[in-house]
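[1] Got a predicted model here, sequence first, then my questions.
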Amino acid sequence: MVAWKRKASLGCVIVVALIGWDLYSHQVSTVFVGRAISAQLAQDEPLQMDNLPVLRPGTLTLGEGNPTVALAASIDESLSQPAPLDVSLSSAQVDAVVRRALDLDQSGRSLRDVIGADDWVLLKVNSVTNRGNLQSSYYHNNFEHPGQITDLRVVKSTIQYLIEHVGPRRITIAEGGADSPRKGSPGFPSNATEDSWSVTYPEFDDLSYLKILEEFAAMDISTVVDTADLNDAPFRREPIPGGPIQRLGVVRLRYTGAQFGFHVAGTGSFRPEGFYMPEPLLDADKVVSMAAMKTTIYGTTLGIKNYVGTLASRAYGDGTSKAQHYQNNPEHGYVDLFSYNPAAYTIIEGFWGTEGNGPQTGLNVQHNVVVVGADPVATEATANVVMGFNPLDLEALYLAAAKGFGTLDRNKIEVVGRPPESVQRNFIKSKGGGGNGAFYGRGIRRWLVAGPFVGGDEIDQPGPLADEENVIPREGDGSGDLIWQKVEHLGYSAEVLDLGAINGEEKNIINYAFTLVHSDREQEGFLWLGYDERIKVWLNDEVAFERNRLARFGLAQRKVPIRLQQGENRLLFKIGNFNGETVMAAHVVDEDGDRLPGIEFLLPGEVNTAIVELADAGVLPTTAELIGNYPNPFNPSTHLRFALPQAAAVRLDIYDGLGQRIRTLVDGQLAGGYQTVWDGRNRAGFNAASGVYYARLQVGDFQQTKALALIR
C-alpha cells in the first residue's frame, strides 16, 4: 500500500479545484485502497445535470423505495404438497415452490413487471460441469454433483411462468460453461459423451435443455425458446459500463491462500478497453440470473458470480477457461462482467446445491428454498442469510452495491413470504480462504495506524505509546513519529493490513493499529487473528491476546475468545517485527466464522446518520428550509440542519458531481428543526472521494439544494 501526500489550502479556489481531484487526492494522513470510481446506475432520480452517463436504461429496474425479496420453501403450508426442506421433490412440487416465490413478489418490480412482451430474455443458467463428461469435476471423489448446476426443473418452471404471465417474444437459455462447450464445437472433450445441453439428469426428472426446447416447441405459443452457447457465440469488445472497479496501490500478497491475478503493484489502471463479451448477452433486452446455492473460497457463488460464464474466453485464445476475469481479483472481475447487462431479475434456488470446498468439488446439499427479487444485491444478501452467511462478509456484494447495483443494508430490504432465518441452514464453508480455518469473511478494513518505533523484540514491554490500554486516538493526533494516520483497503486480499508497506520494512520495530467495534448488544465471539511476527492485543482495557514468540502470518491463525460490551469497544494491536514482515489481519466473528450480528467497525469521531431534533431551532420558517452544513469544507463529517413548518414526508439526499444519488440521510415523516450528519460515505459504506457534493432536501413538491465540499 502507498501513502499519497497532497497539501491543499482552503482559499477561494478550493471549490473549483476539488472538482478535478480524484482518488489520489487524499491528504497525507489517509492511505486508501480501492473505491468503485464508476458512475452509479440510475437507481434514483438524478439531479438535472448535463452529460450524465447512461448504463443500459431499463435493464436494472430497481425503482424507488426499499427493495422486495420473496422467499418460498417446500415447508410452506399454503402449498398443496408441503414437504421437508431436505428431501427430493417431484417436478410438480418444485414448480409449486418456484411459482409461489414469483407470485409472492407484488412489489411492482416482480418478474411479471420487469419483463415485457417485446423483450428478448436471456436466462443465464449455470452448468459449468455436466454428467456427460466423465472426466469433469462433476464426478469429483467418484460421485455425481448435481448441486453444481442450476436445477433444470426451475429453468423449465420459470420459462412456463414467463409465457403464461408475459409472453415475451424470445427466451434464450444461455451459458458459457468452462467445462462443457457445445458438442461438436472446438474444445469439446474427446472423452465426453454429451454436452450440457443434451445430457439428461435423473435428479431433475431426466430433463435436458434440448428436451425443454422440444416441449415448448410443441406448444401453441408465440414465444421462441432457444439456447445459446456463449462460448461459441459472436462477440465484440466493449468498455465496461460505468468503468472497471479499480484497485489502487494494492501490493500483491504471497502468503498461503492469498488470491492471485492482481495487477502490477501501485498501478491503478487495468482493462480500460473492457472485455470481449458474447453478443447475445450484450444485445438481449433483459437478463434473468438463475443460480444454485453454492459455496466458494469467496463465500458463496450466486446470482452475480453466475456472470463468469458470460465471458467470451475464446477471443483471448485460452479456450473456455474464463481466466481473464481473474485479472485484478476475481470478485472485481465478475462484478465488472455483471455490469454489461445487469440482471433485471434474480432467481436463487437450493433444491440441489453445494457446500464446503465448492463450487466444483464440494458436497451436495438439498435445501428446498427459492429466493427471488429484482434487486440483485438484496436478493443475494437474503440468500446468503438462508445459507448461514452474514452478507456483510462478502466482498462481491460490497463491490456490486458500490457500483449501484442494489441494496446491501438488510434493514432496508423487505422480505415477503417467510424470514430467511426461518429456513436457515449453515452451509459448510470453504477452507480455502482462511489459512488454518474456514472461509474468512470481509474483516476489519478501517484502521488508525502509527509507527514504526524501535523495539520489535520486546512486544511485552511498555512501548512508545503511553497508557496503551486506554488509548482512543484520532486521525492526525500525536507528534513526531507517533502520528495516527487512517488506512482503508478494499478487495479480498486487501484484508491484510500491510504495516510494512505503509510505514517501512525495517527490522526490530513496533507498529500500532487501532479501531473501534460498535456492537448493538453485549455478546461473546472470537477475534480471528493473523500476524507476523509478535503481537499484543487490547480489547477495551484488558489484554485479549499476547504472544512474544515468532510467528508467521496466516489468515485466522489464532482464534481468540472475546466478549463485546454493548456500544463502543476499543481494539489496539501492537505488532512487533524483529526480523520479518509487519502484517496483520483481524475479524470479529462467531464460532462458524461469520461476522457477529449487529457490529460495525468505525473510527473515533465518526458518527452514524442519526437525526437529532434541535430544541433551539427558534421560529420555524413558513416553508421548508435546508439551512446548510458545517463545517464546509469538511473532513471526515459534516452536520446538516433543516427545518419544516409542519409535519410532512421529508427526504434529504447526497448527490455526487454527476448527479447520482449516493446516500440518503433522512427519509420519513417529520416536523420541526433537525440536524443530521453525513460521514462522507456512500450508501455502500465506502469513503467518497474529495470533491463537490450536493445535499438536496425534498418535501412534497419543494426542493432545495446546497453544495458541500469534501476534502480528503
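    Thanks, I have the structure now.
[2] Leaving out chain neighbours, which residue sits closest to Glu581?
    Excluding its sequence neighbours, the residue lying closest to Glu581 (CB to CB, 6 or more residues apart in numbering) is Asp532, at 4.8 Å. Placement of C-beta: from N, CA and C, glycine included.
[3] ok, which stretches of the stretch 51-200 of the chain are helices?
    In the stretch 51-200 of the chain, the segments counted as helices under DSSP state H, counting those that start in this stretch are 91-104, 111-114, 152-165.
[4] Show me what the last one is packed up against.
    Packing contacts for helix 152-165, counted by 3 or more CB pairs under 8 Å, 6 or more residues apart in numbering; DSSP states H and E, involve helix 91-104, helix 111-114, strand 120-124, strand 170-175, helix 209-217, strand 286-296, strand 345-355.
[5] want to try JSON lines for the helices of the stretch 51-200 of the chain, with mean neighbour count as columns?
    Below are these laid out as JSON lines (neighbours: other CB atoms under 10 Å):
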{"stretch": "helix 91-104", "mean neighbour count": "21"}
{"stretch": "helix 111-114", "mean neighbour count": "21"}
{"stretch": "helix 152-165", "mean neighbour count": "21"}
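[6] can you count the residues close to Ser78?
    Neighbourhood size, Ser78 [other CB atoms under 10 Å]: 10.
[7] So for it, what's the pLDDT?
    Model confidence at Ser78, given as pLDDT, is 95.
[8] now swap in the one 10 residues further on and tell me
    According to the predicted model, the pLDDT of Ser88 comes to 97.
[9] That one and Gln366 touch, don't they?
    Yes: contact status for Ser88 versus Gln366: in contact at 6.7 Å, counting by CB atoms under 8 Å.
[10] need the helices for this protein, in chain order.
    Secondary structure of the chain (DSSP state H): helices at 14-20, 91-104, 111-114, 152-165, 209-217, 279-283, 330-338, 376-386, 395-402, 499-503.
[11] Relative to Glu542, which of the helices of the stretch 51-200 of the chain is closest?
    Distance to Glu542, taken as CB to CB, is lowest for helix 91-104 among the helices of the stretch 51-200 of the chain, at 48.2 Å.
[12] Just want the angle from the closest one to helix 152-165.
    Between helix 91-104 and helix 152-165, the angle comes out at 50 degrees (axes from the mean of the first three to the mean of the last three CA atoms, to 10 degrees).
[13] Run through the neighbouring helices and strands of helix 91-104.
    Secondary-structure packing of helix 91-104 (3+ CB pairs under 8 Å, 6+ apart): strand 68-73, helix 152-165, strand 345-355, strand 369-373.
[14] which residues touch Ala649?
    Neighbouring residues of Ala649 by CB atoms under 8 Å, 6 or more residues apart in numbering: Gly668, Gln669, Val699, Gly700.
[15] Including distance to Asn632, could those residues go into a markdown table?
    Listed next are these as a markdown table, based on distance: CB to CB, whole Å:
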| residue | distance to Asn632 |
| --- | --- |
| Gly668 | 25 |
| Gln669 | 28 |
| Val699 | 22 |
| Gly700 | 26 |
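[16] so can I have a markdown table of the helices of the stretch 51-200 of the chain showing distance to Glu279?
    Listed next are the helices of the stretch 51-200 of the chain as a markdown table, based on distance: least, CB to CB, whole Å:
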| stretch | distance to Glu279 |
| --- | --- |
| helix 91-104 | 29 |
| helix 111-114 | 22 |
| helix 152-165 | 22 |
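[17] Ok, which of those comes nearest Ala624?
    Going by CB to CB, the one of those nearest Ala624 is helix 111-114, 33.1 Å.
[18] quick one: contacts of that closest one?
    By CB under 8 Å, 6+ apart, helix 111-114 touches 61, 102, 105, 107, 158, 161-162, 165-166, 286, 288, 344-345, 372, 374.
[19] what's the closest of the residues you listed to Asp205?
    Of the contacts of helix 111-114, the one sitting nearest to Asp205 (CB to CB) turns out to be Thr158, at 15.1 Å.
[20] When Ser88 and Gln366 are compared, which one has more neighbours?
    Gln366 (19 against 12).
[21] Can you tell me how far the more buried one is from Lys294?
    Separation of Gln366 from Lys294 (CB to CB, to the nearest Å): 13 Å.
[22] Can you check which residues contact both of the two?
    Here Gln366 and Lys294 have Gly353 as joint contacts, going by CB under 8 Å, 6+ apart.
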